[in-house]
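Undergrad: Give me a model of this one.
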Amino acid sequence: LTPMKLSVQNFKIKFDPEDPNVEKKLDEYSKTLVQQIDVLSSIATAFSSFAELPAQKNEKIDLISTTKLCLEIFNDRNVVFKTDLNKLEILFDRTNLIRIINNLVKNSIQATNDILEPKILVQIKKINKSAVIEIIDNGKGISESDIKKLFKPFFTTKKSGQGIGLFISQKIINKFDGYIEAACINKETIFTVYLPEN
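TA: I've put the predicted structure just below:
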């Protein structure tokens, strides 16, 4: 709000309707205000998402088919899906499961943007009584100090973004008695989601 207020005050002082460049100055002023409004809107959306977590549905979902469908939207040859299972049922909220997978895969795509041969692997396993989703990328990696902060609200290693995606994902996963962890091994970033098998 402060830069918007200063822009308005400055424009009011300097505005001269007789100025031959008045249209150009008005256009620049408008663009500045619109840009600041966009920033405010982005912050407001972030706080809204942070504060409100919709009610969760307890649905029986096939993790394999849901993940396959979810990955189709990326249409990216660098995203590879792998599993030895035909079916793996869990109790989870379908909408939020898709939201979580989308968020993790998008993070991997952004992390590999500058890599010459990007590779993103999404694999599903069954370990004991847990359904396990692994998302592995060969991007720029994450430092050990940053890994400890990844699931804290408003922390981000990206140039853009609000730093709430992983925090919200963790909250949802925890509600269903699961957990998520991150690691960086040999420059590969690995996000692992553990969910109870149905």
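Undergrad: any idea of the mean pLDDT for the strand or helix carrying Thr67?
TA: For Thr67, the host element (DSSP states H and E) is helix 63-72. With pLDDT averaged residue by residue, helix 63-72 scores 90.
Undergrad: Can you name the residues in contact with the helix or strand following that helix?
TA: Once helix 63-72 ends, the next helix or strand along the chain (criterion: DSSP H and E) is strand 79-83. Residues from elsewhere that reach strand 79-83, judged by C-beta atoms under 8 Å, 6 or more residues apart in numbering: 64, 67-68, 71, 105, 108-109, 119-125. Every residue, glycine included, has its C-beta placed from N, CA and C.
Undergrad: Helix 63-72 and strand 79-83, what's the angle between them?
TA: Computed by axes from the mean of the first three to the mean of the last three C-alpha atoms, to 10 degrees, the angle separating strand 79-83 from helix 63-72 equals 170 degrees.
Undergrad: Alpha carbons only: can I get strand 79-83 in PDB?
TA: Output in PDB follows, covering the C-alpha atoms of strand 79-83 (Å, rounded to 0.1, in the frame of the first residue of the first chain):
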ATOM      1  CA  VAL A  79       8.400 -36.200 -16.600                       C
ATOM      2  CA  VAL A  80       8.500 -40.000 -16.300                       C
ATOM      3  CA  PHE A  81       6.100 -42.200 -14.300                       C
ATOM      4  CA  LYS A  82       7.300 -45.500 -12.900                       C
ATOM      5  CA  THR A  83       5.600 -48.200 -10.800                       C
END
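Undergrad: so for whatever helix or strand comes next after it, what's the average pLDDT?
TA: Once strand 79-83 ends, the next helix or strand along the chain (criterion: DSSP H and E) is strand 89-92. Across strand 89-92, pLDDT averages out at 96.
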